[in-house]
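*Asks:* Give me the fold of what follows.
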Amino acid sequence: QVQLVESGGGLVQAGGSLRLSCATSGRTFSSYAVGWFRQAPGKEREFVAAISRSDGTVYYADSVKGRFTISRDNAKNTVYLQMNSLKPEDTAVYYCAARRAVTTTVSLYDYWGQGTQVTVSS
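*Replies:* Numbers count the residues shown, from 1 in each chain. Sure thing, here's the model as predicted:
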């Protein structure tokens with residue numbers, strides 16, 4: 001069982017930055033790929049970014065490429081999502097999720113955090 005806890009959300013003006021953290025107490029965190037997803041009101045949950053468990057290969061949605069950066073610190077059992085140049089359309093609840101093999105498909109992730117709200121004002 002992997003328990004994930006997101007933090008770092010908040011209210012920011014357009015053009016600003018936030019860094020989200022996804023932490024786990026699991027001792028085998030380095031054995032899991034981690035993805036970030038978001039869900040805006042009335043919309044389906046969508047892929048944002050993912051990082052593999054082994055070589056750190058990263059994947060991004062086209063909508064965030066060049067603005068968001070995903071990284072991991074296995075020593076701290078934490079994955080980060082650095083979000084720069086935020087836009088009002090980035091407003092959503094952001095979730096992190098884990099599974100053994102990296103994928104961009106929402107439904108294939110096994111473990112989920114509770115989410116953290118990100119609101120970008122114009």
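*Asks:* Tell me which residue is most central in the chain.
*Replies:* W36 (2.5 Å; C-alpha atoms, centre = their mean).
*Asks:* what sits opposite that one in the beta ladder?
*Replies:* A49, C96 (DSSP bridges).
*Asks:* which sections of this protein are below the confidence cut-off?
*Replies:* 27 (pLDDT under 70).
*Asks:* what do you get if the cut-off is 90, keeping everything else the same?
*Replies:* 1-2, 25-30, 54-56 (pLDDT under 90).
*Asks:* Looks to me like S30 is in a helix.
*Replies:* Yes - read with DSSP: H, G, I helix; E, B strand; the rest coil, S30 is one of the residues of a helix.
*Asks:* My guess is it contacts R53. True?
*Replies:* Yes - the criterion here is C-beta atoms under 8 Å, and S30 meets it with R53 at 6.4 Å. In short, each C-beta sits where N, CA and C put it, glycine included.
*Asks:* Just give me the neighbour total for A61.
*Replies:* 16 (other C-beta atoms under 10 Å).
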